[in-house]
Each structure stands twice: as structure tokens, then as C-alpha cells.
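Asks: Okay, predicted coordinates and the sequence, questions at the end:
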Amino acid sequence: MSAAHRSSQAAGTVAVRCLTAADWRQLRAARLAALAEAPYAFASTLVREQQFTEETWRERAGSGMTAAAFEGTAIVGLATGFPEQTGTGWHLVGMWVAPDIRGRGVADRLVGAICAMAREAGAPSVTLWVTDVNDRARSFYRRLGFEPTGGRQLVRPDDPDQWEDELRLDLS
């Protein structure tokens, strides 16, 4: 079977669902893979999260706020959403899809799952931050209807050369 056929077949068997505490091992593996593969895209670091305890991973997985794309028992995509502190909407963080699954609609399904959670919670919008260097993500979010808010910040305070912009999607 060719690699292209396997990838196409795999994309058809990807299931998206909300994580539970029992998924903590898969979450840990996927999150560490994400941080290793795209360190520029996250406010955290691989070294920091490698130090997390099982309890921390169980809490994260069991929060009810993370949607994951599963291929078999492995997580191949993640997205987390939570209410903004201001109470004015939801915020999308930790978005990642494994490189061999990208371009097959998994990201759309993950963002859709977070937007559905936000709508169910009565949120009028979803915001996110996207780095200057991630053109593929910027194009993806714009295709989904996310618009720049004018907000701009450092990705991590200890790295003054990496910036990100805030985008917002109106859910009404």
C-alpha cells in the first residue's frame, strides 16, 4: 500500500472527541510531539511540559475542554478551548495536527468541536493567537472566518523575537 493511500485511508478513520482523564497518556504523547515539532507555535516549551506529573496530565485530559483527533488509539490532533476571563467569549489554544494528517480536514473538525463547545456555553465568539511565522495556520484560520483584532503580543516573554496576533471568530 502506498504512503499516499495510507494517509488518505487514515484521514477517513480519524475520530474527534472530547478527552477524558483516562486519555492522559495519549494526551501527553501528542502534546510533547506537538511541542517538539512546532516549538514556535506554543506559549509553553517541551522541557517545561516534560516535567509535568501524571496528575497534571490527568487534570488536563479530564478538564472536558480538549478535543482530540484519534487515529486508532493515538492522538493525531489537539485543540483546547476555555471561557475567557472577561466572560466575553471563548479562547482556542494548543491547536496542533500531526504533519502527516495535515490538509485532510482534521483541523477543521477540531476547531469545529471547540466552536461547538463555545456555542453551547453561550459564547458569542472564539479568539486565538497565531504566530507571525506560521503562515499555514494564518491562512487556515482566515479561511474559517477568523479576523484580526489588532491584538499583538510576544509568544513567550523570554523570546523577544517571536510575536503573535490575535484573531477572532464571531459565532452568531
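Replies: Looks like it arrived, so ask away.

Asks: how far away is the nearest residue to residue 33 once chain neighbours are set aside from residue 170?
Replies: Once flanking residues are discounted, residue 33 sits nearest to residue 98: 7.1 Å by C-beta to C-beta, 6 or more residues apart in numbering. Just so you know, the C-beta spots here come from the backbone N, C-alpha and C atoms, and that holds for glycine as well. According to C-beta to C-beta, to the nearest Å, residue 98 and residue 170 sit 29 Å apart.

Asks: just to revisit the earlier point, what about the residue nearest to residue 33, neighbour count?
Replies: For residue 98, the neighbour count with other C-beta atoms under 10 Å is 20.

Asks: That one contacts residue 76, correct?
Replies: Yes: the pair residue 98 / residue 76 is scored as a contact, 4.3 Å apart, by C-beta atoms under 8 Å.

Asks: what touches both of the two?
Replies: Any residue near both residue 98 and residue 76 by C-beta atoms under 8 Å, 6 or more residues apart in numbering counts here, and that gives residue 30.

Asks: Sketch out the strands for this structure, chain order is fine.
Replies: 14-18, 66-71, 74-83, 90-97, 125-131, 147-154, 163-170 (DSSP state E).

Asks: Pipe those strands into a markdown table and attach mean pLDDT and distance to residue 107 per row.
Replies: Shown next, in a markdown table, are these (pLDDT from 0 to 100; distance: least, C-beta to C-beta, whole Å):
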| stretch | mean pLDDT | distance to residue 107 |
| --- | --- | --- |
| strand 14-18 | 96 | 10 |
| strand 66-71 | 97 | 9 |
| strand 74-83 | 96 | 7 |
| strand 90-97 | 96 | 5 |
| strand 125-131 | 95 | 12 |
| strand 147-154 | 94 | 18 |
| strand 163-170 | 95 | 14 |
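
Asks: Output these in TSV; the columns should cover mean neighbour count and distance to residue 60.
Replies: Below are those laid out as TSV (neighbours: other C-beta atoms under 10 Å; distance: least, C-beta to C-beta, whole Å):
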stretch	mean neighbour count	distance to residue 60
strand 14-18	15	12
strand 66-71	23	7
strand 74-83	21	8
strand 90-97	23	9
strand 125-131	21	18
strand 147-154	12	23
strand 163-170	18	22
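
Asks: Let me know which of those is the nearest to residue 42.
Replies: Proximity to residue 42 (C-beta to C-beta) singles out strand 90-97 among the strands of the chain, at 7.0 Å.

Asks: Other residues contacting the closest one?
Replies: 30-31, 34, 37-38, 41-43, 66, 69, 76-84, 106-107, 110-111, 114, 117-118, 121, 123, 125-129, 137.

Asks: Over to stretch 36-45?
Replies: Counting by C-beta under 8 Å, 6+ apart, 34-35, 46, 93-94, 96, 98-99, 131, 133-134, 137, 155-156, 162 sit against stretch 36-45.
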